[in-house]
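Enquirer: got a predicted structure plus its sequence, pasted below:
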2 protein chains.
Amino acid sequence: MSRIPKPTVRRLAIYYRCLERLEQQGEDSISSKALAQMVHIKDSQVRKDLSYFGSFGRRGIGYDIRRLLGEIQKILGIHKRWNVIIIGAGNIGQAIARFKQIEKHNFQIVGVFDTDHRKIGKQITPGLVISDMSSLEEFIRQNQAEIAVIATPAEAAQSVADRLEKSGIKGIICFAPITLNCNIPVEYVDITVFFKTLVHSVVSQNYNI
Amino acid sequence: MSRIPKPTVRRLAIYYRCLERLEQQGEDSISSKALAQMVHIKDSQVRKDLSYFGSFGRRGIGYDIRRLLGEIQKILGIHKRWNVIIIGAGNIGQAIARFKQIEKHNFQIVGVFDTDHRKIGKQITPGLVISDMSSLEEFIRQNQAEIAVIATPAEAAQSVADRLEKSGIKGIICFAPITLNCNIPVEYVDITVFFKTLVHSVVSQNYNI
DNA sequence: AATCTTTTGTGAAAAAGTGAACTAAGGGGG
DNA sequence: CCCCCTTAGTTCACTTTTTCACAAAAGATT
């Protein structure tokens, strides 16, 4: 399929947030050089990343910010709204459910699930109540949920992933510290891994500016 | 300094969590092949990663799990306890402050700061109360905090980072959606970026099994 | 209209990272 | 003791990603 480097996709999401800020500040256009400086990379990297998808700039001028925002939206697939469910209403699950930025970026949290009967029925935000896991499959179908966040303990994660995949979920964000066996895309976010890689940089001083 | 690929360091942290689980299950040793299968990579990758740091296995046998846990601890720098402060007691800041896994991995949350006077004094966990930002520098010195988590809005992040760096903080985990200008190691965790890269995989179907 | 400056898009080179294959150990069984 | 099977450590080839360098545009200036 498309031969796009994974780092390129991550950077597109980062360019996107820069462009949003610039637009908000009333800027109209930006050069690859200026954008590169904002994120501490080379300008040639910015141009190469964008060139995988087309020619969005004007030579001598730079990139139109509105236009580029629209193009990156289409590339990433964030021009449409995605319905998201969260499995596990612990610390992280609830934080994600309440996290306003996610909704702003076109991801709508439509459901939160847990197995703990003391939590079920509890309201997390107006209109968002913790449901029982037994209703998971039906809920996914009825609400056309496409993305799921796994915020369960590691032991539960694989069986949850199996159920999600079977129910037609198309992608998973996994906060559980485990590598899943499944055939849909997964993004892993293990917070403790960031702490550990950070202190490695600290002790070895090999941080790259 | 040491020329260790960044992906290698990340994988070490992932091997570490596998080894912890294996140890808990009573296992004594594991081969590179078995470890590789757990995290869906090639066995040669596991051996290569470890070989940057020494020879920890026995040919014909595999790796002693206890031994390897200890070696990776030393490599990553997680054999000692790190004092952590959190700047920003919003959604994410509070979730991190309450996140038990971090404490289990030798990162102790010693302080939480915010500028909102309505939040100051509020107890997050037993013994952890939200402090005013004005006491930041003094607190860092008195409590020998070395790691900071920035969980503020993007607009505040850079000036916070400046204060942290000046006060002797050695590494930053940045949840704010911005690239910081500073001369200490930073790990960026922008949750919305994970959502965006995930849906790119979903729409382009370019997930790697 | 010619020239200058800026900046994009891109092919080629360099660097980084991964994977296959080989060599060297280590233990078990006949 | 010899053969066989397993598996770590290492080398080298290959793949991926980044960087360089330059031609092509585009507007500004004289």
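Expert: The structure has been received and is ready for your questions. As the structure is a prediction and not an experimental result, all values here were calculated from the model.
Enquirer: contact residues of chain A facing DNA strand C?
Expert: Chain A comes close to DNA strand C at residues A:31-33, A:43-44, A:47-48, A:50-51, A:55-63, as judged by Cβ under 7 Å from any atom of the strand. All C-beta atoms are positioned from the backbone trio N, CA, C, and that covers glycine.
Enquirer: among those, which ones are in strands?
Expert: Mapping those onto strands (DSSP state E) picks out A:57-58, A:62-63.
Enquirer: point out where chain A drops to low pLDDT.
Expert: A:1-2, A:206-209 (pLDDT under 70).
Enquirer: okay, domains of it per the record?
Expert: Structural domains assigned to chain A are A:6-76, A:82-192, following automatic domain parsing.
Enquirer: so what does A:Ser131 look like in phi/psi?
Expert: Main-chain torsions, A:Ser131, degrees, to the nearest 10: phi -110, psi 160.
Enquirer: before we move on, back to that, I'd like the domains of chain A as JSON lines, with mean neighbour count and distance to DNA strand D appended.
Expert: Converted to JSON lines, the domains of chain A look like this (neighbours: other Cβ atoms under 10 Å in any protein chain shown; distance: least, Cβ to the nearest atom of the strand, whole Å):
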{"stretch": "domain A:6-76", "mean neighbour count": "16", "distance to DNA strand D": "3"}
{"stretch": "domain A:82-192", "mean neighbour count": "19", "distance to DNA strand D": "15"}
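Enquirer: who does the lengthiest strand in chain A pair up with?
Expert: In chain A, taking DSSP E as the definition, the longest strand is strand A:107-114. Here strand A:107-114 has these sheet partners by DSSP bridges: strand A:82-87 (parallel), strand A:128-132 (parallel).
Enquirer: show me the strands in chain A, by range?
Expert: Secondary structure of chain A (DSSP E): strands at A:29-30, A:57-58, A:62-64, A:82-87, A:107-114, A:123-125, A:128-132, A:147-150, A:171-174, A:186-188.
Enquirer: still on that earlier bit, determine which two of the ones in strands among the residues of chain A next to DNA strand C are furthest apart.
Expert: Spatially, the most separated pair among these is A:Arg58 and A:Tyr63, at 7.8 Å (Cβ to Cβ).
Enquirer: next, the contact list for A:Gln158, please.
Expert: When contacts are counted by Cβ atoms under 8 Å, 6 or more residues apart in numbering or on different chains, A:Gln158 touches A:178, A:180-181.
Enquirer: A:Ile150 now?
Expert: If a contact means Cβ under 8 Å, 6+ apart, then A:Ile150 has A:87-88, A:157, A:160-161, A:164, A:172-176, A:180 as its contacts.
Enquirer: what packs against the longest helix belonging to chain A?
Expert: Ranked by residue count under DSSP state H, the longest helix found in chain A is helix A:6-24. Counting contacts by 3 or more Cβ pairs under 8 Å, 6 or more residues apart in numbering or on different chains; DSSP states H and E, helix A:6-24 is packed against helix A:32-39, helix A:43-51, helix A:65-76, helix B:191-204.
Enquirer: does the second one reach chain B?
Expert: Just to be clear, that refers to helix A:43-51. No. Applying Cβ under 8 Å from any Cβ of the partner chain, one finds helix A:43-51 separated from chain B by no less than 12.7 Å.
Enquirer: quick one: that helix to helix A:65-76, angle?
Expert: 60 degrees (axes from the mean of the first three to the mean of the last three Cα atoms, to 10 degrees).
Enquirer: now what about helix A:43-51, what contacts it?
Expert: Against helix A:43-51 from outside (Cβ under 8 Å, 6+ apart): A:8, A:11-12, A:15, A:31-33, A:35-36, A:56-57, A:63, A:68.
Enquirer: in CSV, could you pull the C-alpha coordinates for it?
Expert: Below are the C-alpha coordinates for helix A:43-51, written out as CSV (Å, rounded to 0.1, in the frame of the first residue of the first chain):
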residue,chain,number,x,y,z
ASP,A,43,13.5,22.3,6.5
SER,A,44,14.2,19.6,3.9
GLN,A,45,12.5,17.1,6.1
VAL,A,46,9.3,19.2,6.1
ARG,A,47,9.3,19.5,2.4
LYS,A,48,10.1,15.8,1.9
ASP,A,49,7.3,14.8,4.3
LEU,A,50,4.7,16.9,2.4
SER,A,51,6.0,15.8,-1.0
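Enquirer: report the angle between it and helix A:32-39.
Expert: Calculated by the same axes, to 10 degrees, helix A:43-51 forms an angle of 100 degrees with helix A:32-39.
Enquirer: gap between helix A:43-51 and the chain center?
Expert: The chain centre lies 22 Å from the centre of helix A:43-51; the measure is Cα atoms, centre = their mean, to the nearest Å.
Enquirer: what's the angle from that helix to helix A:6-24?
Expert: 100 degrees.
Enquirer: any idea how far A:Leu164 lies from A:Ala151?
Expert: Computed as Cβ to Cβ, to the nearest Å, the A:Leu164 to A:Ala151 distance reads 13 Å.
Enquirer: any common contacting residues for those two?
Expert: By Cβ under 8 Å, 6+ apart, the residues touching both A:Leu164 and A:Ala151 are A:Ile87.
Enquirer: how about the nearest residue to A:Thr137, chain neighbours excluded?
Expert: One correction, residue A:137 is Glu, not Thr. Of all residues not flanking A:Glu137 in the chain, A:Ser167 sits nearest, at 4.7 Å (Cβ to Cβ, 6 or more residues apart in numbering or on different chains).
Enquirer: hmm, that neighbour is touching A:Gln142, no?
Expert: No. Under the criterion of Cβ atoms under 8 Å, A:Ser167 is not in contact with A:Gln142, lying 11.0 Å apart.
Enquirer: now the nearest residue to A:Val39 once chain neighbours are set aside: phi and psi?
Expert: In space, and not counting its chain neighbours, A:Val39 is closest to B:Thr179: 4.7 Å by Cβ to Cβ, 6+ apart. B:Thr179 adopts backbone torsions of phi -90, psi 120, taken as degrees, to the nearest 10.
Enquirer: so who does A:Ala95 touch?
Expert: B:91-92, B:94-95.
Enquirer: and the furthest pair within those?
Expert: Checking the contacts of A:Ala95 with Cβ to Cβ, the most distant pair is B:Ile92 and B:Gln94, at 7.4 Å.
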